[in-house]
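# 3D model of this:
(chains A, B, C and D)
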Protein chains: 2
Amino acid sequence: MDNAPRSDCPINAAVELLGDKWSLLILRDMVFGGSCQFRQLQSGLKEGIASNILTDRLRRLVDAGLLTKHERGRGRPTTYRLAEPAIQLVPVLVTLGAWGARHRPTTPELRRGAEEMEAGGPEHWQQLMAELRERVRNGEPE
Amino acid sequence: MDNAPRSDCPINAAVELLGDKWSLLILRDMVFGGSCQFRQLQSGLKEGIASNILTDRLRRLVDAGLLTKHERGRGRPTTYRLAEPAIQLVPVLVTLGAWGARHRPTTPELRRGAEEMEAGGPEHWQQLMAELRERVRNGEPE
DNA sequence: CGCACCACTTGTATAATGCAAGCACCGTGG
DNA sequence: CCACGGTGCTTGCATTATACAAGTGGTGCG
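A predicted model of the protein is given here:
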């Protein structure tokens, strides 16, 4: 129950929220994979996340204002949507992915994909971010 | 002792190495603070890292090729230097810091600093990266 | 009713992290 | 010679995070 940041450094502030093995992967699947439901995320994450961890991470991200939670009654699945802070993480995800593709082991296809995404430059990311904002406004498959 | 990646995704590859509460902060202090010794890092990290954790992270980063370790005998302090993969993390650190400054609580001064660094654009980062390469070549205060 | 789906929760085991202390080595000063 | 402080760690132990399997209560549908 200790919510006090360890320091005022902006990098540390980001790391305290996102510095774990799952948060960024969840956001990756929501941004690039379009996932928005619990089950969708759980089965979609190729790395295999446990349900209690997913529950915890989603709650943290909602509390931090990166996601919004939409419970639609009558047995319809709850959906999570990207809030603006999460959308603005796109450059971080792209830069980090490009770095990983260049300096960590991966497959040629995924490497090419990540490098193309980075090579597209900020204009390309802005387009992706605009699409994500659009998707949020339209409100998903209601 | 399980070194197999959970997936081939480049973002996951980066997260598996850097997705914890300390690795990026250590690299931050080496990149922006110029730290290169164990004690220097331990006392320099405003967040307060334990020595066993610092030992472990330095070993991991060396094993991953982000740092090189230089033991200079005769009681002289061991130094760690940034290898090329770590230098190429600069854009990630800057982007992440700018995001943290914008979307997480911090102080006005640090926020301004992080945003200026980002506003400087890739040319500015390239200059910082060039300085870091220079520092490595010159070999620190021998 | 029976069954499947939904988002979780619970229980328990293992791994990661945090904290305080200690260790062997060295160069220096007295 | 001998404390002394600095070096990069290691060790032991408590706390916390993560992993895995199972269960829970709610709903929709045939």
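# rest of the way, CA atoms for contacts and neighbours
Noted.
# which SSE is the most centrally placed residue in chain A in?
Nearest to the geometric centre of chain A sits A:Leu27, at 1.1 Å (Cα atoms, centre = their mean). Under the assignment given by DSSP states H and E, the secondary-structure element containing A:Leu27 is helix A:23-32.
# quick one: residues in contact with the very next helix or strand once past that helix.
Towards the C-terminus, the helix or strand next in line after helix A:23-32, according to DSSP H and E, is helix A:38-44. The list of residues contacting helix A:38-44 from outside it, by Cα atoms under 8 Å, 6 or more residues apart in numbering or on different chains, reads A:Ile26, A:Asp29, A:Met30, A:Ser35, A:Gly48, A:Ile49, A:Ala50, A:Ser51, A:Leu54, A:Thr78, A:Thr79.
# list just the nearest of the residues you listed to A:Leu128.
Taking Cα to Cα as the measure, A:Leu128 sits nearest to A:Met30 out of the contacts of helix A:38-44, at 12.4 Å.
# quick one, phi psi at the residue nearest to that closest one when sequence neighbours are not counted?
Nearest non-adjacent residue to A:Met30, counting by Cα to Cα, 6 or more residues apart in numbering or on different chains: A:Cys36, 6.2 Å away. Here the main-chain torsion angles of A:Cys36 (degrees, to the nearest 10) amount to phi -150, psi 0.
# what number of residues are in the vicinity of A:Cys36?
When counting by other Cα atoms under 10 Å in any protein chain shown, one arrives at 23 neighbours for A:Cys36.
# likewise for A:Ile87?
For A:Ile87, the number of neighbouring residues by other Cα under 10 Å comes to 21.
# wait, it sits on A:Met129?
Yes: using Cα atoms under 8 Å, A:Ile87 makes contact with A:Met129 at a distance of 6.0 Å.
# flag every residue of chain A that's near chain B.
A:6-16, A:18-21, A:24-25, A:46-47, A:85, A:88-89, A:91-93, A:95-101, A:103-107, A:110-111, A:114 (Cα under 8 Å from any Cα of the partner chain).
# where does pLDDT dip in chain A?
Applying pLDDT under 70 to chain A flags residues A:1-2, A:74-75, A:140-142.
# now the helices: where do they sit in it?
Secondary structure of chain A by DSSP state H: the helices cover A:10-18, A:23-32, A:38-44, A:51-63, A:84-87, A:90-103, A:108-119, A:121-138.
# for the second one, packing partners?
Read that as helix A:23-32. In this structure, helix A:23-32 makes packing contacts with helix A:38-44, helix A:90-103, helix B:10-18, judged by 3 or more Cα pairs under 8 Å, 6 or more residues apart in numbering or on different chains; DSSP states H and E.
# could you tell me the angle between that helix and helix A:51-63?
Comparing the axes of helix A:23-32 and helix A:51-63 via axes from the mean of the first three to the mean of the last three Cα atoms, to 10 degrees yields an angle of 70 degrees.
# got the contact list for helix A:23-32?
Where contact means Cα under 8 Å, 6+ apart, the residues beyond helix A:23-32 that reach it are A:18, A:35-36, A:41, A:44-45, A:57, A:61, A:82, A:86-87, A:90, A:93, A:132, B:11-12, B:15.
# and the last one, by the same measure?
Judged by Cα under 8 Å, 6+ apart, the contacts made with helix A:121-138 from elsewhere in the structure are A:Val31, A:Arg81, A:Leu82, A:Glu84, A:Ile87, A:Gln88, A:Val90, A:Pro91, A:Met117.
# just the buried positions in it, please.
Of the residues in helix A:121-138, A:Trp125, A:Leu128, A:Met129, A:Leu132, A:Arg133 count as buried by neighbour count, 16 or more other Cα atoms under 10 Å in any protein chain shown.
# residues near A:Ile11, how many?
Using other Cα under 10 Å, A:Ile11 has 25 other residues around it.
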